[in-house]
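Student: I would like to see how this sequence folds:
(chains A and B)
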There are 2 protein chains.
Amino acid sequence: MTLRVLGIDPGLTRCGFGVVDVEPNRRATLAGVTVVGTSADVPLEQRLLAIATAIDEWLDRYTPDVLAVERVFSQLNVSTVMGTAQASGIVITAAARRGITVAHHTPTEVKAAVTGNGQADKAAVTKMVTRILRLDTPPRPADAADALALAITHAWRGSATTASAAAGGRSLTPAQRAWAEAQARAQRRKW
Amino acid sequence: MTLRVLGIDPGLTRCGFGVVDVEPNRRATLAGVTVVGTSADVPLEQRLLAIATAIDEWLDRYTPDVLAVERVFSQLNVSTVMGTAQASGIVITAAARRGITVAHHTPTEVKAAVTGNGQADKAAVTKMVTRILRLDTPPRPADAADALALAITHAWRGSATTASAAAGGRSLTPAQRAWAEAQARAQRRKW
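Tutor: Model (predicted):
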């Protein structure tokens, strides 16, 4: 009854991947974490291909129930948002090809979910991710913490999946449906 | 010695695909044209998957020498640029997976190349594309003209490919190299 979420912090230079297994009682365990990407002097098509190859590998290796991606709409730097959007488009498509549910969360939602404060800084997020996953040291690479925070946020919030999953749960797997029901019960108890 | 270029006018709602065969004497012939995409009420992952499926089909069917994509960096509307960037990321990755050279041209470059005026309006671009391709009527769907204009621009300009192709032509096919040489000769004569 564990929900496996692959969180993605999209980018061309540093694209964070974090896999977390979350039980209905919200206990979260690290399954895998990495940062992929290429330097800015690599031709764009090779940079995008590197992301595409990595996401296919990780989807094959970890077979997550859900892909949770940072919603990049909130970025305002047009030159950065381009690469971020391109990277997010690739990972979302890779998940959609496999029929994996895709969810989106804003940075504010992620910070609020893991620290209780939507304005928390990076250090506070990393500290809470380390504690939530019961790790002895902060996850490495250091900037993969955001991807793990995204995965945790998705599993804990649950309700913020995309319209396709929300519309009667038609695209949910049986495990996901059971999880959603368990979570709804937990929410009635706890919140 | 014909160069086949697949021009892409990226977008989620309307993504233009235009295939043009261009001979070393710049004579251009329409090989295929369409517009793909989905309405905004479709979940993002399904919208991206529709683009991904269509580009794979077209790359298989037309086996272009080059994919020419509109450089979306010049757009300033952040909400539109997101979907455009995601769609462009997908088509670029699909080409890179097949080892197809990817080139980028700005809307201004395209307008200048096909009409002689970088500020030309859509009607002027469509009119010139119709004339250049020796069509009896404007290409349909109507908004596919930009994709065709991109393909023509790439074949005519040639030099504006990405760094990987420019760096000694290592990623050029023999046909592309021959074309580039022929074009260089033509440019010395005409410009």
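
Student: C-alpha from now on. contacts and neighbour counts both.
Tutor: Fine.

Student: Please determine how far A:Gln119 is located from A:Pro107.
Tutor: To A:Pro107, A:Gln119 is 9 Å away according to Cα to Cα, to the nearest Å.

Student: Tell me which of those two has more neighbours.
Tutor: Higher neighbour count among A:Gln119 and A:Pro107: A:Pro107, with 21 against 14, using other Cα atoms under 10 Å in any protein chain shown.

Student: Quick check: closest non-adjacent residue to the more buried one.
Tutor: A:Glu70 (6.7 Å; Cα to Cα, 6 or more residues apart in numbering or on different chains).

Student: Can you report phi and psi for that neighbour?
Tutor: phi -70, psi 130 (degrees, to the nearest 10).

Student: pLDDT at it, what is it?
Tutor: A:Glu70 is assigned 86 on the pLDDT scale.

Student: ditto for A:Ser159
Tutor: According to the model, A:Ser159 scores 45 on pLDDT.

Student: which secondary element of chain A has the worst mean pLDDT?
Tutor: Across the helices and strands of chain A, the lowest-confidence element by mean pLDDT, DSSP states H and E is helix A:163-166, at a mean of 37.

Student: and the residue nearest to A:Pro107, how many neighbours?
Tutor: 23.

Student: how close does it get to chain B?
Tutor: Here the criterion is Cα to the nearest Cα, to the nearest Å. By it, A:Glu70 lies 13 Å from chain B.

Student: Likewise for A:Pro107?
Tutor: 16 Å.

Student: and what of A:Gly16?
Tutor: Counting by Cα to the nearest Cα - A:Gly16 and chain B are separated by 18 Å.

Student: rewinding a little: could you list every residue that touches the residue nearest to A:Pro107?
Tutor: By Cα atoms under 8 Å, 6 or more residues apart in numbering or on different chains, the contact set of A:Glu70 is A:8-10, A:104-107, A:150.

Student: does A:Arg134 count as helix, strand or coil?
Tutor: coil (DSSP: H, G, I helix; E, B strand; the rest coil).

Student: swap in A:Val102?
Tutor: Going by three-state DSSP: A:Val102 is strand.

Student: how about the strands of chain A, start to end?
Tutor: Along chain A, the segments classed as strands by DSSP state E run A:3-9, A:15-22, A:28-36, A:66-70, A:101-105.

Student: got any ranges where chain A has weak pLDDT?
Tutor: Scanning chain A for pLDDT under 70 picks out A:72-79, A:158-191.

Student: Is it correct that A:Val36 is in contact with A:Ala54?
Tutor: Yes - using Cα atoms under 8 Å, A:Val36 is in contact with A:Ala54, at 7.3 Å.

Student: So which residues of chain A form helices?
Tutor: A:44-62, A:78-97, A:107-115, A:122-132, A:145-157, A:163-166, A:174-190 (DSSP state H).

Student: chain center to the second one, what's the gap?
Tutor: With Cα atoms, centre = their mean, to the nearest Å as the basis, the distance from the averaged C-alpha position of helix A:78-97 to the chain average is 13 Å.

Student: Which elements pack onto that helix?
Tutor: With contacts defined as 3 or more Cα pairs under 8 Å, 6 or more residues apart in numbering or on different chains; DSSP states H and E, helix A:78-97 has these neighbours: helix A:44-62, strand A:66-70, strand A:101-105, helix B:44-62, helix B:78-97.

Student: and the helices of chain A, which is most packed in?
Tutor: helix A:145-157 (a mean of 28; mean count of other Cα atoms under 10 Å in any protein chain shown).

Student: what does that one rub up against?
Tutor: A:3, A:5-9, A:16-20, A:22, A:26, A:28, A:33, A:67-70, A:103, A:105, A:109-111, A:113-114, A:125-126, A:129, A:139, A:160-161.

Student: Stretch A:128-144 now?
Tutor: A:9, A:16-18, A:27-30, A:33-35, A:114-115, A:126-127, A:145, A:148-149.

Student: so how far does that stretch reach from one end to the other?
Tutor: OK, stretch A:128-144 end separation, Cα to Cα: 13 Å.

Student: got the phi/psi numbers for the residue lying farthest from the centre of chain A?
Tutor: For chain A, the largest distance from the centre (Cα atoms, centre = their mean) belongs to A:Asp41, which lies 27.2 Å off. In terms of degrees, to the nearest 10, the main-chain angles of A:Asp41 are phi -90, psi 0.

Student: ditto for A:Pro139
Tutor: Dihedral angles (degrees, to the nearest 10) for A:Pro139: phi -60, psi 150.

Student: Pull the number of nearby residues for it.
Tutor: 21.

Student: And it, how far from A:Arg26?
Tutor: Where A:Arg26 is concerned, A:Pro139 sits at a distance of 19 Å (Cα to Cα).
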